[in-house]
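Trainee: Test case, fold it:
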Amino acid sequence: MAGKVLVLDDDLIMLKSCEKILNHQGYEVSTASFGKEALSMLEKAPFDLVVTDIVMPEMDGIEFIKRARQINPELQVIVITGHPSQDTLREALSLKIIDYIPKPFSPSLFIEVVEKGLEIKRKGIELKPMIDTDFDLAKNRIDEVIKRHRHKRGSLIPVLQESQDIVGYLPPALIRYVAKKMRLSVSEVHGVVSFYSFFSMKPKGKHNIKVCLGTACYVKGSEEIVNKYKSSLGIEMGGITEDRMYSLESVRCLGACGLAPVVVIDKDTHGSVTPMNALELLKQYN
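Mentor: Below you'll find the predicted structure:
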């Protein structure tokens with residue numbers, strides 16, 4: 001069995017959707033609609049991972065995480081959230097969660113984050129609190145961007161692009177802020193961010209490394225290149241080094257199959273990369 005996952009959400013449709021997605025991937029899934037019910041399940045059986053909503057009746061996700069950690073201090077948690085307050089989201093990030101996913105989210109994103117959580121569980125990696133302060137420090141500059149574009153037709157994408165250039169990525173707090181200032185729904189803004197591949201909801205390093213895992217690159221050893229970067233930099237796929245110098249991600253195709261295996265660092269494309277010379281490339285970006 002790939003892993004044992006507990007999903008907590010008071011929205012029955014969301015609960016069933018998560019269960020269906022995870023079952024299809026081979027996970028053993030249990031579900032609960034209330035915090036007390038989920039805590040009781042944790043007391044009776046071990047779980048590899050818990051996925052929880054934040055805004056719920058009787059017991060919210062923050063209180064649930066704190067009480068669940070009393071049962072199992074090493075419990076790995078993923079938060080799925082619709083419209084939490086900034087303070088609530090900040091508190092969730094401080095609780096050493098795996099990640100947070102704004103609703104609505106795609107099945108592929110959900111699977112990716114769950115896989116990351118289970119890999120962290122298997123390897124016993126110690127997590128540190130995630131503090132989402134980048135947006136707070138840049139709020140005045142974001143206001144200037146919104147003011148400059150607000151009344152132009154098709155202004156959302158330029159606003160998001162410039163905001164991402166300023167902050168480095170588009171955290172949920174920034175997505176909600178842009179939606180409020182531009183009088184759009186959060187789901188509409190999130191939908192645009194999710195649709196276009198050049199937007200990212202995760203922080204990136206000063207130098208972002210993309211390794212192609214498309215068929216041509218994969219058969220020529222790109223997975224070994226990924227493992228080389230992961231072990232050398234001490235991060236997982238989608239992660240960022242503590243000094244924020246490097247971040248690592250995979251892509252399905254870069255359109256340069258004749259150069260396989262391909263690695264892109266920032267805007268530079270490197271072809272015929274091998275596990276032996278993969279680390280040598282980074283010396284250009286110190």
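Trainee: going forward, measure contacts between C-alpha atoms and count neighbours the same way
Mentor: OK.
Trainee: Wait, a strand at residue 120?
Mentor: No. According to DSSP: H, G, I helix; E, B strand; the rest coil, residue 120 belongs to no strand; its state is helix.
Trainee: can you tell me which residues contact the closest residue to residue 82 other than its chain neighbours?
Mentor: The spatial neighbour of residue 82 that comes closest, neighbours along the chain excluded (Cα to Cα, 6 or more residues apart in numbering), is residue 103 at 4.8 Å. Listed by Cα atoms under 8 Å, 6 or more residues apart in numbering, the contact set of residue 103 reads 80-82, 187.
Trainee: In strands, which of those appear?
Mentor: If you go by DSSP state E, the contacts of residue 103 have 80-81 in strands.
Trainee: residues making contact with stretch 48-57?
Mentor: So stretch 48-57 is contacted by 3-10, 34, 60-62, 75-84, 117-118, 121 (Cα under 8 Å, 6+ apart).
Trainee: in it, what counts as buried?
Mentor: 48-56 (16 or more other Cα atoms under 10 Å).
Trainee: domains for the chain, by residue range?
Mentor: Split into domains by automatic domain parsing, the chain comes to 4-123, 134-195, 207-285.
Trainee: Quick one: low-confidence residue ranges for the chain.
Mentor: 1, 83-90, 125-137, 197 (pLDDT under 70).
Trainee: what about the strands in it?
Mentor: Counting by DSSP E, the strands of the chain are 4-8, 28-32, 49-53, 77-81, 99-102, 207-212, 246-251, 263-265, 268-270.
Trainee: wait, what's in contact with the residue nearest to residue 2 when sequence neighbours are not counted?
Mentor: Closest residue in space to residue 2, ignoring its immediate chain neighbours: residue 27 at 5.2 Å, by Cα to Cα, 6+ apart. Residue 27 is in contact with 1-5, counting by Cα under 8 Å, 6+ apart.
Trainee: which one of those sits closest to residue 262?
Mentor: residue 2 (30.0 Å; Cα to Cα).
Trainee: Tell me how many other residues crowd that closest one.
Mentor: When neighbours are counted by other Cα atoms under 10 Å, residue 2 registers 13.
Trainee: rewinding a little: closest one to residue 274 out of the contacts of residue 103, please.
Mentor: Taking Cα to Cα as the measure, residue 274 lies nearest residue 80 of the contacts of residue 103, at 37.7 Å.
Trainee: Quick check, the closest one in contact with residue 106.
Mentor: No. Counting by Cα atoms under 8 Å, residue 80 does not reach residue 106; the two are 11.8 Å apart.
Trainee: neighbour count winner among those two?
Mentor: residue 80 (25 against 13).
Trainee: got the contact list for the more buried one?
Mentor: Shown in contact with residue 80 (Cα under 8 Å, 6+ apart): 51-54, 100-103.
Trainee: can you give me the helices in the stretch 101-250 of the chain?
Mentor: For the stretch 101-250 of the chain, the helices defined by DSSP state H, counting those that start in this stretch occupy 107-123, 134-137, 139-149, 156-167, 172-181, 186-195, 215-219, 222-233.
Trainee: ok, back up a step: quick one: which two of the contacts of residue 27 are the most distant?
Mentor: The widest separation within the contacts of residue 27 (Cα to Cα) is 10.9 Å, between 1 and 5.
Trainee: Need the overlap of contacts for these two.
Mentor: 27-28.
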